[in-house]
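Enquirer: sharing a model that was predicted from the sequence below.
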Amino acid sequence: MSDAKNASLRLYQQLREQIQAHNHAYYTKDQPTISDYEYDQLMQQLIELEAQNPDLVSPDSPSQRVGSAPLDEFKQIRHQVPMLSLSNGFSDEDIVEFDQRLHRQLDQDSAVEFDYIAEPKLDGLAVSLMYENGRLVYAATRGDGKTGEDITHNVRTISTVPLALASSAPSQLEVRGEIFMPHAGFKALNEAHIAQGKKGFVNPRNAAAGSLRQLDSRITAKRPLAIFVYALGAISDPDYAQTQEQLLLNFKALGFPVCPLYKLVKGSEGCLDYYRGLANKREHLDYEIDGIVYKLNRLDWQADAGFIAKAPRWALAHKFPAQEKSTTVNEINVQVGRTGAITPVARLEPVFVGGVTVSNVTLHNQAEIQRLDIRVGDTVIVRRAGDVIPQIVAVNLEKRLPKSLVYEFPSHCPECGSDVLVSGEGIIARCSGGLICGAQLRQGIKHFVSRKAMDIDGLGDKIVDALVHQELISTVADLYALNFEQVLDLEGFAEKSAQNLIDSIEQSKETELARLLYALGIPQVGETTAEQLANSYGKLDKLMQADKEHLETLPDIGPVVAESIEQFFADQSNQKVVKQLFDRGVHYDDVEVVAVDQESPWLGKTVVITGGLDTMARAEAKKRLQSLGAKVTGSVSKNTDVVIVGRDAGSKALKAEQLGISTMSEAELLELLN
Ligand code: IVH
């Protein structure tokens, strides 16, 4: 090696070490030893040196924090140890029960108090950091728990993620934690975005997720992301730690950021004390948390307790209750749906609650407005829990203005002026305008093109509105008569995007009967019913000829649904639209009709299949169950009769257990099917 080369190598190593030490002082110890300006100078020198000597650059160089050229796509990474989720608890009793259950499972006397690590449940994104021989080799998202996305390029830019570990680290070490965006950074980012005319993120979690989903890590590098680590994945040294607490201390010693609020507590009482303490501090934290996590401290007991479905038995997430905030009602007006249903909506003074800004809340129906006695100008309490849609729970009558007026429900459709028909004691209000109502038409088309219906890509709400407004379409069948020039003339379209839309309309012509039926938007016919109709009639002609008596013989089709289907197909304009759809090229393969045994024990039962099956595909199992008269749906609720639990079943199995719904293994299913 030449002297010059040697000199630059020495300089390079010095610079790297210097910068790493400053990083540690700044990010981990929170005690910077030089000014930002001096730091930037050092970094600039390093980057220049690397540019002159590309062979010097290693993936753990501090310069990698600034990001690199965009990737084409995210690679998949299979987790060596699955990334689990957590079971939830909500009440004090849930926590006591969790602790007692663990005592039983581990065969321990209930008088023995277990040690737990209690820590905040961070509202961010789970990440796995894999180190081999002390170097960060990859960072991956949780994905479905088994396979995640490779986000190494983005995670490298997070300044507190160690790129290299001390030599004391095990040769293989996978550390798991949460990436999140602290409040201050979130606020600044949103302000900057809005100043540039871009849309702000709804909450810090979405902002963190959006930042990690970048192919261009130079964007991520500019986002104020942080991380706390809290769990172990794969490891080469089986004796690395004996307790959860020791794990956290080891992580800290290796330079990983660990949430400083964790605490070793005793028994369920200790857990609950910690919960109450932190619930009071929650508002003042720098970051969003949505509960507390309790983890059994002894790792050998964790191993003994094992897992259920996708969550460990030795840990519990104690969720904070739904958040409530006060705000005012600026206006109440109604929305017209695709079947003419008229739904009142309260327009609120925007309020941040449960992690999102809420400005519109559905009031469901006239009876609900009366029940809560909501008036324009009222101060109301808005609640939002988890992923549940926000709702108004009460009016603060003390703040009601003396001249407030009771809301008068419209007697005419605000869109087309037709009469509003009200039934069911103010529960159902409908516009009687049918085909002449522009709102119904627009909503009907939006439904027709949606993913689970005809799945036409690139036909967003605004485009549908424009097509209807310019009278280019007046029925769903007109979509199939649109031409390239017409699309190109619409605002916002260029040659390429216009062609893309024409192509996806073309592609949607090849469809399935169940999709088409669902897409038609027959009142009362959702996805599951559409599928059942397709399986029972096989072709659309047959269904169109069926009368309501025949329809009612199908399991789960009652008089209301049967009547609605009969009426829909009796309508001449609907018949015309169906004919036009076929004339313009929509087509599907006939469905093989499976006769239903009226004696079948599955008749009318609602079944959910979750997890993988070994002896047949899920679709096959679904078909066989349907042929026996079962209704196979996708999500577990109170109305579910049986959940079939396959291999690696997840949250649905858990929910069944929580709701006390009976479950069945694949073997039991096979026995009953045969
Ligand atoms: S431990 C085996 N600890 O919550 C246990 N998870 O609902 C694995 N989360 O996917 C998780 N804070 O993204 C753990 N202190 C914490 C957490 C935490 C947030 C997230 C994590 C996980 C999800 C499960």
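Expert: Alright, I've got the coordinates. Residues are numbered from 1 along each chain as shown.

Enquirer: so where's this structure shaky on pLDDT?
Expert: Scanning the chain with the threshold set as pLDDT under 70 gives 1, 26-30, 32, 66-67, 385-387, 594-597.

Enquirer: how about the residues of it by the ligand?
Expert: Residues of the chain found near the ligand, taking C-beta under 6 Å from any ligand atom as the criterion, are 84-86, 119, 121-122, 126, 142, 178, 230-231, 293, 312, 315, 317. The way it works is simple: take the backbone N, C-alpha and C, and place the C-beta from them, glycine included.

Enquirer: please save the CA atoms from stretch 96-108 in PDB.
Expert: Output in PDB follows, covering the C-alpha atoms of stretch 96-108 (Å, rounded to 0.1, in the frame of the first residue of the first chain):
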ATOM      1  CA  VAL A  96     -55.100 -10.600  37.900                       C
ATOM      2  CA  GLU A  97     -56.400 -13.400  35.800                       C
ATOM      3  CA  PHE A  98     -53.300 -13.300  33.600                       C
ATOM      4  CA  ASP A  99     -51.100 -13.600  36.700                       C
ATOM      5  CA  GLN A 100     -53.200 -16.500  38.100                       C
ATOM      6  CA  ARG A 101     -53.200 -18.300  34.800                       C
ATOM      7  CA  LEU A 102     -49.400 -18.200  34.700                       C
ATOM      8  CA  HIS A 103     -49.200 -19.500  38.200                       C
ATOM      9  CA  ARG A 104     -51.400 -22.500  37.200                       C
ATOM     10  CA  GLN A 105     -49.500 -23.100  34.000                       C
ATOM     11  CA  LEU A 106     -46.100 -23.000  35.700                       C
ATOM     12  CA  ASP A 107     -47.500 -25.000  38.600                       C
ATOM     13  CA  GLN A 108     -46.600 -22.400  41.200                       C
END
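
Enquirer: list the buried residues for it?
Expert: The neighbour-count check on stretch 96-108 (16 or more other C-beta atoms under 10 Å) flags 96, 98-99, 102, 106 as buried.

Enquirer: strand partners (parallel or antiparallel) of the longest strand anywhere in the chain?
Expert: The longest strand of the chain (DSSP state E) is strand 323-336. Partners of strand 323-336 in the sheet, by DSSP bridges, are strand 342-353 (antiparallel), strand 379-384 (antiparallel).

Enquirer: how many neighbours does the closest residue to Q76 other than its chain neighbours have?
Expert: Using C-beta to C-beta, 6 or more residues apart in numbering and skipping the chain neighbours, the partner closest in space to Q76 is T147 (5.3 Å). When neighbours are defined as other C-beta atoms under 10 Å, T147 has 15 of them.

Enquirer: quick check: beta-bridge partners of T147?
Expert: Beta bridges link T147 to R78, judged by DSSP bridges.

Enquirer: kindly report the same for E132.
Expert: Bridge pairing for E132 (DSSP bridges) gives the partners R135, Q172.

Enquirer: looking at the strands paired with strand 323-336, which is closest to A192?
Expert: Judged by C-beta to C-beta, the one of those that comes nearest to A192 is strand 342-353, at 18.6 Å.

Enquirer: buried residues, the closest one. List them.
Expert: For strand 342-353, a neighbour-count test (16+ other C-beta under 10 Å) marks 342, 344, 346, 348, 351, 353 as buried.

Enquirer: out of those, who's nearest Q80?
Expert: Ranked by distance to Q80 (C-beta to C-beta), the buried residues of strand 342-353 are led by V353 at 39.7 Å.
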